[in-house]
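Peer 1: Let's see this in three dimensions:
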Amino acid sequence: QVQLVESGGGLVQAGGSLRLSCAASGRTFSSVAMGWFRQAPGKEREFVAACKWSGSSTYYADSVKGRFITSRDNAKNTLYLQMNSLKPEDTAVYYCAADERTYKSRTYRREREYDYWGQGTQVTVSS
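Peer 2: Numbers count the residues shown, from 1 in each chain. Next up is the predicted model:
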């Protein structure tokens, strides 16, 4: 079994920064894709950012492009999300997701493309 554990959430003022981490552990894990999703109160979970586990491709939602950066440390099986210029509308529970499957139609933006999910970490941005 693969476990994903997020950390780094908290309370920050608008304009501030936070860095989330997602550590994968458990059995030998050969990730193909890892990503971040978020769910605000009363809303559906939405895509935030993702990356291929090999190569340099990254993907971002329009709402965070230019403010958030996702990166990874393959040796540590850890994914990061650097969040800058935070806005109150970024307030949500942030989830890490990972997947080991390989298929051509992957968009990296759909929940169904990820098999493993973390428990989430709360990010609250005050105005």
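Peer 1: mind showing which ranges of the protein have poor pLDDT?
Peer 2: Segments of the chain classed as low confidence (criterion: pLDDT under 70) are 28.
Peer 1: With residue 104 as the reference, measure out to the spatially most central residue of it.
Peer 2: The chain has residue 36 as the residue nearest its centroid, 1.9 Å off, counting by C-alpha atoms, centre = their mean. Separation of residue 36 from residue 104 (C-beta to C-beta, to the nearest Å) stands at 23 Å. The way it works is simple: take the backbone N, C-alpha and C, and place the C-beta from them, glycine included.
Peer 1: which stretches of the protein form strands?
Peer 2: Listed in chain order, the strands found in the chain under DSSP state E are 2-7, 10-13, 18-26, 33-39, 46-52, 58-60, 68-73, 78-83, 92-99, 116-117, 121-126.
Peer 1: Would you mind saying which of those strands lies nearest residue 109?
Peer 2: Closest of the strands of the chain to residue 109 is strand 46-52, at 4.4 Å (criterion: C-beta to C-beta).
Peer 1: ok, and what's touching that closest one?
Peer 2: Identification of contacts with strand 46-52 by C-beta atoms under 8 Å, 6 or more residues apart in numbering yields 32-39, 57-61, 64, 68-72, 79, 81, 94, 108-111.
Peer 1: And stretch 17-27, what's buried?
Peer 2: Applying a neighbour-count criterion of 16 or more other C-beta atoms under 10 Å, the buried positions in stretch 17-27 are 18, 20, 21, 22, 23, 24.
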